[in-house]
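>>> Pasting the sequence and the predicted coordinates here, then a few questions.
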Amino acid sequence: MTPAFASLSDFFAMGGYAFYVWLAVILTLIPLFGLVLHTVLFRRRMLAEIRQRQSRERRIRAAKSKKTANEAGESV
Amino acid sequence: MWKWLHQWAKPERLYQLCGRLIPWFAVLGVGTLLLGWIWGFGFAPADYQQGNSFRIMYIHVPAAMWSMGVYASMAIAAFIGLVWQMKMADLVSAAMAPIGAVFTFIALVTGSAWGKPMWGTWWIWDARLTSELVLLFLYMGVIALYHSFDDRRTAGRAAGILILVGVVNLPIIHFSVQWWNTLHQGSSGILQQAIDPSMRTPLRWSILGYLLVFGALTLMRLRNLILFTERHRPWAIDVAQGGGKS
């Protein structure tokens, strides 16, 4: 298979259509990467939220059991 | 067969299946896409009429094809969700909508960047371009509608009805180049028969690459949505704590 362009600068020039071709390429890559980034960030944020909620519930439960233990101690 | 199908309707099983499939789709998709693009941009011969501007085809045509293909698969998922009340099917269509919107956006802007040097205009209100723009609005409407309900069941049903109504746009887009006069070139055949093999092979790789990338993104987003709707369940908390790997 032979390359369609003689040199790298020929490749970037795209036979005079550089602006349009690379504009199209950039406007393809940016939305695609944006979509991937959104998907990954959403996942990371959601996992962090679940962990946070979980540790908060554990603290509340711990505080409650301590309180009932104290009350039980006072009544004796 | 129904029993086999139904076990994948269980959120936890489906979540794990997604996790197992994502790496395959992602690696194959990116690899295929790069093969098609590098081949198409660096090695395919220049067009005798359009010069090197025709290389936009390798990003424009697959995006345009799958902007409709994604909509069709989203409609199938919405139909299953509406008829069989399958919760996971609603999530599948919700996962696909943003991907379809991005593909449609890519098809429109790359088409515009191709139209300027070839037709002398960025945009024209003809049937092909307008119906593709309507497709973008349909996707945006589906996403907005899905997010405007607090109850996921209602959201899925409302978005599903809009998706099914919007299916009428697909044949309009496809046949627009035959039914009306347009600047847009006609179809090169459903399997691109009218294109010379030296240009067609990289195009087919790009088409396959877009499809696999669509698959990978769908699985990633579906996995997120499953975890989000099940976030109060013990298994979801396990996953968040790092207990359930994958």
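Sure, I can see it. Numbers count the residues shown, from 1 in each chain, chains lettered A, B, ... in the order given.

>>> low-scoring stretches of chain A, by residue?
A:75-76 (pLDDT under 70).

>>> Tell me where it has helices.
A:8-13, A:18-75 (DSSP state H).

>>> Repeat that for chain B.
B:2-7, B:11-38, B:57-83, B:87-119, B:127-147, B:152-166, B:169-179, B:197-229, B:234-240.

>>> Format these as a markdown table; extra columns: distance to chain A, mean pLDDT and mean neighbour count.
In short, each C-beta sits where N, CA and C put it, glycine included. Below are those laid out as a markdown table (distance: least, CB to the nearest CB, whole Å; pLDDT from 0 to 100; neighbours: other CB atoms under 10 Å in any protein chain shown):
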| stretch | distance to chain A | mean pLDDT | mean neighbour count |
| --- | --- | --- | --- |
| helix B:2-7 | 24 | 68 | 8 |
| helix B:11-38 | 9 | 93 | 17 |
| helix B:57-83 | 5 | 94 | 22 |
| helix B:87-119 | 4 | 93 | 22 |
| helix B:127-147 | 12 | 94 | 18 |
| helix B:152-166 | 15 | 92 | 18 |
| helix B:169-179 | 20 | 87 | 16 |
| helix B:197-229 | 5 | 93 | 21 |
| helix B:234-240 | 4 | 87 | 18 |
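
>>> Go through these and name the closest to A:Phe19.
Of all those, it is helix B:87-119 that lies closest to A:Phe19, at 8.4 Å by CB to CB.

>>> what's the closest of the helices of chain A to chain B?
Closest approach to chain B among the helices of chain A is made by helix A:18-75 (3.7 Å; CB to the nearest CB).

>>> And the closest one, how far out from the chain middle?
10 Å (CA atoms, centre = their mean, to the nearest Å).

>>> Helix B:11-38 and that helix, what's the angle between them?
In terms of direction (axes from the mean of the first three to the mean of the last three CA atoms, to 10 degrees), helix A:18-75 departs from helix B:11-38 by 160 degrees.

>>> So which elements touch helix A:18-75?
With contacts taken as 3 or more CB pairs under 8 Å, 6 or more residues apart in numbering or on different chains; DSSP states H and E, helix A:18-75 sits against helix B:57-83, helix B:87-119, helix B:197-229, helix B:234-240.

>>> okay, those in TSV with distance to B:Val168 next?
Below are the helices and strands packed on helix A:18-75 laid out as TSV (distance: least, CB to CB, whole Å):
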stretch	distance to B:Val168
helix B:57-83	11
helix B:87-119	16
helix B:197-229	22
helix B:234-240	38
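
>>> Any idea which of the ones you listed gets closest to B:Leu34?
The nearest among those, by CB to CB, is helix B:197-229 at 7.5 Å.

>>> what helices or strands is that closest one leaning on?
Partner elements for helix B:197-229 (3+ CB pairs under 8 Å, 6+ apart): helix A:18-75, helix B:11-38, helix B:57-83, helix B:87-119, helix B:234-240.

>>> Output the contacting helices and strands for the second one.
So that's helix B:11-38. helix B:57-83, helix B:87-119, helix B:197-229.

>>> before we move on, back to that, need the helices of chain B in TSV with distance to A:Ile26, can you?
Output for the helices of chain B, formatted as TSV (distance: least, CB to CB, whole Å):
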stretch	distance to A:Ile26
helix B:2-7	42
helix B:11-38	13
helix B:57-83	10
helix B:87-119	9
helix B:127-147	19
helix B:152-166	29
helix B:169-179	25
helix B:197-229	17
helix B:234-240	36
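
>>> how about these, which one is nearest A:Gly16?
helix B:87-119 (8.8 Å).

>>> For the residue nearest to B:Asn224 when sequence neighbours are not counted, give its distance to B:Leu211.
Spatially, and ignoring its direct neighbours in sequence, B:Asn224 is nearest to A:Arg43 (5.1 Å; CB to CB, 6 or more residues apart in numbering or on different chains). Look at A:Arg43 and B:Leu211: by CB to CB, to the nearest Å, they are 23 Å apart.

>>> for B:Ala78, what are its contacts?
B:Ala89, B:Asp90, B:Ser93, B:Ala159, B:Gly160, B:Ile163, B:Leu164 (CB atoms under 8 Å, 6 or more residues apart in numbering or on different chains).

>>> let me redo that: B:Ala95
Contacts of B:Ala95 (CB under 8 Å, 6+ apart): B:Thr218, B:Arg221, B:Leu222, B:Asn224, B:Leu225.

>>> Was I right to think the first one contacts B:Val92?
Yes - taking CB atoms under 8 Å as the contact criterion, B:Thr218 and B:Val92 are neighbours in contact, 7.3 Å apart.
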